[in-house]
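S.K.: Task: produce atomic coordinates for the following.
(2 chains)
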Amino acid sequence: MSSLVKKYLMALSGIVLIGFVFVHMAGNLQVLLGQKAINSYAHTLQSLPLPILWGSRMFLFLSVVVHVVTAILLIKENRAARPVRNDVEVTKRTGWSSLNMGLTGSILFAFIVFHLLHFTIRLIHPEFGEWETRVGSPDNTEIHDVYRMILAGFNIDLVSVFYVVAMFLLCRHLAHGVSSTFQSLGLRSECWKGRLDLAAKGYAWIIFVGFSIVPVTVTAQKYGLFSLYDPDVFSTSALRP
Amino acid sequence: MKLTLKIWRQSEQKDPGRFETHCIDGVSEDSSFLEMLDQLNEQLLEEGVEPVAFDHDCREGICGMCSLTINGFAHGPENSTTTCQLHMRKFKDGDTITIEPFRARAFPVLRDLVVDRSAFDKIIQAGGFISVRTGSAPDGNALPIPKDESDQAMDAAACIGCGACVASCKNASAMLFTAAKAGHLNLLPQGKAEQEKRVLDMVSAMDGAGFGNCRNYGECSASCPKDISLDFISKLNRDHAKAKLKKLFS
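M.R.: Just a heads-up that it's a prediction; the model follows:
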């Protein structure tokens, strides 16, 4: 496979993931609107027709696989292309984020696995799956209590810290990735580079703040700093040690 | 000026190589970096030490023969400068300067600081030409070319093929060189006819020579003595994608 085809695959799978994180973040923020909003949103997603639900999940999974496999191939070839390193390693314009895409990407991959086990497959806390409520249900039947699950999930400080750190690394990954996508597809010019770099940085920070609000506010409420979430649910959401 | 030079020495391609330290005194601030190395070699000859081999030719910044990674920077820390045009006044008295060859698997070290850059010739042989009779120069304005396009083609043609882009790239990618050479011809009517074949063949020759992959850092353009713009890499990406798609569906 030619080096440029690998770059196109990296960019195209990246676009899917860039779009996904925004939609995911916007969905998450409904936790701030209360139990009803987030439960009903999650229920709507879960009740999508199976081909659409699993089709989109497979599409995302495939994008991650393409992104990771291509990254491994590129890094392997790049290391082979420079067998002897320079004694003095310096850069004229490349920043930390660009140089460490492999590092931030690897930690993000580990985060995705943890996150799926935590909130989607719920292997880490199997009791999350058993929590049901009528709040947010369209027909007054019992539905999964996502609100309580999120509050419980971020009740453990170490988990909240890991989420916020991972989102900071995502922010750094996007700061290089978003603008680089345009260059790889041949859609960037020097004239637009400054604007695209700025837009990429802005996007990266929006994603970081949007994702970090929930773990940070849950932790803040845990330590009694303020009361944003339903105190009744909050008191029942603390996990047994 | 008194300087300490930490220089890469390697007797032949198979030798693993090592650094050697030499002190040099009485260097004029007005001498070029290569003249300073000439002075060092004279000193080494007097001491009975094998002189340091390095590449050089025109010494006026246009031939692309000089190389050297100086303190980690290809052609030294100055922008838009070849090593031969780098002057010692850019350094301070008492400095220690690390001098290494242009490092890449595709540029094997032949001796000391001399590397074999014929991998670039392979890329040129794959598509850096137009398949027409090259007779006498055509009449001026016989072939109208828009001013901005001819300017862009000239900007790409400014590439002297020195290899600083490869040396400064953390991944030893030759994308800026390939993009400049392909872009220069693809922008002009004489070269447009063979654009698709050219980009596919040149990229394939580039990959085959063992260069790394572009990661869009831009170190190449920042180190380029002729300031070749990243726009040409973007254009190569675009032209290559179009050619690949066309080939796929034809």
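S.K.: B:Gly61 and chain A, how far apart?
M.R.: When distance is defined by Cβ to the nearest Cβ, to the nearest Å, B:Gly61 is 19 Å away from chain A. Backbone N, C-alpha and C define where each C-beta goes, glycine included.
S.K.: Correct me if wrong, but that residue is in a strand.
M.R.: No - with the criterion set as DSSP: H, G, I helix; E, B strand; the rest coil, the secondary structure at B:Gly61 is coil rather than a strand.
S.K.: Give me the neighbour count for it.
M.R.: Summarising burial for B:Gly61: neighbours were counted as other Cβ atoms under 10 Å in any protein chain shown, giving 20.
S.K.: same check, this time on A:Ser3
M.R.: Taking other Cβ under 10 Å as the neighbour definition, A:Ser3 ends up with a count of 23.
S.K.: Check it and give its pLDDT.
M.R.: Looking at A:Ser3, its pLDDT is 96.
S.K.: How about the contacts made by it?
M.R.: Residues in contact with A:Ser3 (Cβ atoms under 8 Å, 6 or more residues apart in numbering or on different chains) are A:Glu77, B:Ser173, B:Val203, B:Met206, B:Asp207, B:Asn213, B:Cys214.
S.K.: Quickly check the residues you listed for the two that are furthest apart.
M.R.: The distance between the two most remote of those (Cβ to Cβ) is 13.9 Å, for A:Glu77 and B:Val203.
S.K.: Quick one: distance of the lowest-mean-pLDDT helix or strand in chain B to the chain centre.
M.R.: Least confident helix or strand of chain B, by mean pLDDT, DSSP states H and E, is helix B:189-192 with a mean of 91. Chain-centre distance of helix B:189-192: 25 Å, with Cα atoms, centre = their mean, to the nearest Å.
S.K.: try stretch A:16-33
M.R.: The chain centre lies 9 Å from the centre of stretch A:16-33; the measure is Cα atoms, centre = their mean.
S.K.: Over to stretch B:144-153?
M.R.: Its chain's C-alpha centre lies 24 Å from the corresponding centre of stretch B:144-153 when counted by Cα atoms, centre = their mean.
S.K.: Which of the residues in it are classified as buried?
M.R.: Residues of stretch B:144-153 classed as buried by neighbour count (16 or more other Cβ atoms under 10 Å in any protein chain shown): B:Gln152, B:Ala153.
S.K.: sorry, back to before: the more surrounded of A:Glu77 and B:Val203?
M.R.: Neighbours per residue, other Cβ under 10 Å: of A:Glu77 and B:Val203, the larger number sits with B:Val203, 28 against 19.
S.K.: hmm, back to that, which secondary structure elements does the least confident helix or strand of chain B sit against?
M.R.: helix B:175-186 (3 or more Cβ pairs under 8 Å, 6 or more residues apart in numbering or on different chains; DSSP states H and E).
S.K.: If you count contacts, what does the helix it packs on end up packed against?
M.R.: The helices and strands touching helix B:175-186, judged by 3+ Cβ pairs under 8 Å, 6+ apart, are helix B:118-127, helix B:147-157, helix B:164-168, helix B:189-192, helix B:195-208, helix B:219-223, helix B:231-248.
S.K.: and those helices, which is most packed in?
M.R.: Most buried of those by mean neighbour count (mean count of other Cβ atoms under 10 Å in any protein chain shown) is helix B:164-168; its value is a mean of 30.
S.K.: which other helices and strands contact that helix?
M.R.: Counting contacts by 3+ Cβ pairs under 8 Å, 6+ apart, helix B:164-168 is packed against strand B:73-74, helix B:175-186, helix B:219-223.
S.K.: The same query, at a cut-off of 10 Å, please.
M.R.: Counting contacts by 3 or more Cβ pairs under 10 Å, 6 or more residues apart in numbering or on different chains; DSSP states H and E, the secondary-structure elements packed against helix B:164-168 are strand B:69-70, strand B:73-74, helix B:175-186, helix B:219-223.
S.K.: Format these as TSV; extra columns: mean pLDDT.
M.R.: Formatted as TSV, the helices and strands packed on helix B:164-168 follow (pLDDT from 0 to 100):
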stretch	mean pLDDT
strand B:69-70	98
strand B:73-74	98
helix B:175-186	98
helix B:219-223	97
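S.K.: so can I have CSV of the ones you listed showing distance to A:Leu228?
M.R.: What follows is the helices and strands packed on helix B:164-168, written out as CSV (distance: least, Cβ to Cβ, whole Å):
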stretch, distance to A:Leu228
strand B:69-70, 55
strand B:73-74, 52
helix B:175-186, 50
helix B:219-223, 46
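S.K.: Please identify which of these is closest to A:Asp230.
M.R.: Each of these was checked against A:Asp230 via Cβ to Cβ, and the shortest separation belongs to helix B:219-223, namely 52.4 Å.
S.K.: starting at the chain centroid, how far to the closest one?
M.R.: In terms of Cα atoms, centre = their mean, the centre of helix B:219-223 is found 10 Å from the chain centre.
S.K.: same check, this time on stretch B:117-130
M.R.: Chain-centre distance of stretch B:117-130: 13 Å, with Cα atoms, centre = their mean.
S.K.: same thing with stretch A:33-50?
M.R.: For stretch A:33-50, the distance between its averaged C-alpha position and the chain's averaged C-alpha position is 19 Å (Cα atoms, centre = their mean).
S.K.: Give me the contacts around that stretch.
M.R.: By Cβ atoms under 10 Å, 6 or more residues apart in numbering or on different chains, the surrounding residues in contact with stretch A:33-50 are A:26-32, A:52-56, A:132-138, A:141, A:143-151, A:214, A:228-230, A:232-233.
S.K.: where along chain A do the strands fall?
M.R.: Counting by DSSP state E, chain A has these strands, from start to end: A:132-133, A:143-144.
S.K.: so for the last one, what's the average pLDDT?
M.R.: Same thing as strand A:143-144. Confidence for strand A:143-144, expressed as mean pLDDT, is 94.
S.K.: Show me what it packs onto, helices and strands only.
M.R.: With contacts taken as 3+ Cβ pairs under 10 Å, 6+ apart, strand A:143-144 sits against helix A:35-46, strand A:132-133.
S.K.: Can you give the domain ranges for chain B?
M.R.: Annotated domains of chain B cover B:3-111, B:117-248 [automatic domain parsing].
S.K.: Count the residues that sit near residue 42.
M.R.: All of this is about chain A. Using other Cβ under 10 Å as the criterion, the residues surrounding A:Ala42 number 21.
S.K.: oops, chain B please
M.R.: B:Glu42: 11 surrounding residues under other Cβ under 10 Å.
S.K.: Grab the nearest non-local neighbour of whichever residue of chain B sits closest to chain A.
M.R.: Chain B approaches chain A most closely through B:Arg238 (2.7 Å), counting by Cβ to the nearest Cβ. Leaving aside its chain neighbours, B:Arg238 sits nearest to A:Gly186 (2.7 Å; criterion: Cβ to Cβ, 6 or more residues apart in numbering or on different chains).
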